[in-house]
Structure formats: structure tokens, C-alpha cells
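> Sequence below, structure please.
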Amino acid sequence: MHVKWEPPNQSFYKLNSDEAACTTIGAAGYGGVIRDSNGNWIVGYTGSLKHTTSLHMELMGLLQGLRLAHLRQLTPSEVVVDAKELVDPRVTHTYREQNQVVDSMAKHDLMEYRGPSMLVF
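Presented below is the predicted three-dimensional model:
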């Protein structure tokens, strides 16, 4: 099978991200690149963590790429990863009225800002 990188649709950007792990030294890294519809490199990024899982690093690579795309206003974007576990979850839209519990939870910290932290119930 011969496969190669394909550019995104016209006027889109494409984010590719991946991870690498070395269990013998307990290190893992992620990397990604955002390119335009002509295949031109716009921005790339890398990062690393110790003692983590491949899935965690796939998620970190994707998250950091999405953050970078948002920060640089590189939208609309196509996102490509090679981790099936990342793309198989079913994500759907729901109305706020159907999502009242988590809407209330999101509003919880509006009155008491504690910085970039997360409260776990």
C-alpha cells in the first residue's frame, strides 16, 4: 500500500500530530505540524513528558496542536492523527437545556476564580 500526505481542502489548514514513546527510558514525546492547502509549513511544535502512556501523548499532541491553531487563528482546520482510540469516540451536539448538570458545573467557578486548575468531584 502506498500512502502519502494529502493537502487539506482549499482555504483550510491541516493539523497532523503524533506521539513517540520509549519505555526503556520512560520518556515520551509528541509533535505536530500545521500546513496550508498548498502544503506549505505554517508552524510546527514538539513536547515531551516522562512516565506516561502513548494515548496520553497522542492526546497532548492533539491538544497542543489545537491550541496553537486557535492562538494563530488557523481555522478552519482539518485534523489528522494515527491513533484510532482518539477518533473513534462519538461526539454529538446537545442543547444547553439537555446538558444542565455540566452547564451548572462550568458556571461553578465563575464566582470563585482559582486560576488554571481543575476541581474533581
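
> List the residue ranges of this protein that fall below the pLDDT cut-off.
Filtered on pLDDT under 70, the chain yields the residue ranges 113, 116-121.

> All the strands of it, residue numbers only.
In the chain, the strands defined using DSSP state E lie at 13-22, 27-36, 41-50, 77-80.

> export these to a markdown table and tack on distance to G65?
Just so you know, the C-beta spots here come from the backbone N, C-alpha and C atoms, and that holds for glycine as well. Listed next are these as a markdown table, based on distance: least, C-beta to C-beta, whole Å:
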| stretch | distance to G65 |
| --- | --- |
| strand 13-22 | 5 |
| strand 27-36 | 4 |
| strand 41-50 | 7 |
| strand 77-80 | 7 |
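
> Redo those as TSV? Include distance to W5 and mean neighbour count.
Formatted as TSV, the strands of the chain follow (distance: least, C-beta to C-beta, whole Å; neighbours: other C-beta atoms under 10 Å):
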stretch	distance to W5	mean neighbour count
strand 13-22	7	20
strand 27-36	8	20
strand 41-50	12	13
strand 77-80	9	16
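
> Identify whichever of those lies nearest to Q64.
strand 41-50 (5.9 Å; C-beta to C-beta).

> Tell me which residues touch G29, please.
Contact analysis of G29 by C-beta atoms under 8 Å, 6 or more residues apart in numbering lists 19-21, 46-49, 57.

> farthest-separated two in those?
Between any two of these (C-beta to C-beta), the greatest distance is 13.9 Å, for A21 and T46.

> Around N99, count how many other residues there are.
Per other C-beta atoms under 10 Å, the neighbour tally for N99 reads 13.

> same question but for P7, I mixed them up
So P7, with other C-beta under 10 Å, has 15 neighbours.

> Contacts only, for it.
Neighbours of P7 in contact, by C-beta under 8 Å, 6+ apart: 14, 35-39.

> Take these and write them to a markdown table, including distance to D109.
Below are the contacts of P7 laid out as a markdown table (distance: C-beta to C-beta, whole Å):
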| residue | distance to D109 |
| --- | --- |
| K14 | 34 |
| R35 | 37 |
| D36 | 37 |
| S37 | 39 |
| N38 | 43 |
| G39 | 42 |
